[in-house]
Every structure is written in structure tokens, then in C-alpha cells.
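Build me a structure from this.
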Amino acid sequence: MRVNSNLIRERLNRDTKPFVFRLSDGTRVPVAYPDFVAVSPGQVAVIDAKTEGITRIDSLHVVAIEELPSKRSRANGKH
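Sure thing, here's the model as predicted:
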């Protein structure tokens, strides 16, 4: 299933937690904070929080938005 630009915008507005864009070729593009993403009708630009580099994605290649577990649940193994 492809994720369109409107669904991407909805996710950005819904929550401030980190997530990952999964692309059609299997690539995973992490998003540290929704403010680091710009969406146009055909493109998504993601700023890497560590390097400040920009990853540009054709929005048709976004097949999923994966929510990440909170850092707290990763640290102690509990939810």
C-alpha cells in the first residue's frame, strides 16, 4: 500500500514522536521529529537530526510509516 502526501501530513500533525518512512525498495528513513519533514504533492524532504543532511523522497515510494517504540520501553524492555 502506498502512503500519499495527505496521509504523511496527517501523521506529521498527529504526533511528535519519532517514526520511520519505509520505502518501496526497503529503505528506512528515520524521522527524529515531525518538524524535520517538508511535504509537497510529489516530494518529501527529511532532515537528518545528526548530520543535518537532507533525504529527498518521491512520495509514491513511501509504502509505510512505522511508529517507533518509546526510548523508555527500549531501555528497560517494558512498555
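
Mind listing what's buried along the longest helix along the chain?
In the chain, taking DSSP state H as the definition, the longest helix is helix 5-14. Under the neighbour-count criterion of 16 or more other Cβ atoms under 10 Å, helix 5-14 has 5, 8, 11-12 buried. Using the backbone N, CA and C atoms, a C-beta is placed for each residue, glycine as well.

and it, what other elements does it pack with?
strand 37-39, strand 62-67 (3 or more Cβ pairs under 8 Å, 6 or more residues apart in numbering; DSSP states H and E).

Identify the residues contacting that helix?
19, 34, 37, 39-42, 44, 59, 62, 65 (Cβ atoms under 8 Å, 6 or more residues apart in numbering).

For the protein, which residues score under the pLDDT cut-off?
1-2, 71-79 (pLDDT under 70).

rewinding a little: what angle sits between the longest helix of the chain and strand 62-67?
10 degrees (axes from the mean of the first three to the mean of the last three Cα atoms, to 10 degrees).

Tell me how far the helix or strand just after helix 5-14 lies from the chain's centre.
Moving toward the C-terminus from helix 5-14, the next helix or strand (DSSP states H and E) is strand 19-23. With Cα atoms, centre = their mean, to the nearest Å as the basis, strand 19-23 stands 5 Å off its chain's centre.

Quick one: residues in contact with strand 19-23.
Against strand 19-23 from outside (Cβ under 8 Å, 6+ apart): 11, 28-31, 44, 46, 57, 61-68.

quick revisit: kindly supply the PyMOL command isolating those of the contacts of helix 5-14 that are buried.
Buried residues within these, by 16+ other Cβ under 10 Å, are selected in PyMOL with:
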select buried, resi 19+34+37+39+44+59+62+65
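
Next, format the contacts of helix 5-14 as TSV and append distance to Lys50.
Shown next, in TSV, are those (distance: Cβ to Cβ, whole Å):
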residue	distance to Lys50
Phe19	16
Pro34	17
Val37	15
Val39	21
Ser40	24
Pro41	28
Gly42	27
Val44	19
Ser59	24
Val62	21
Ile65	21
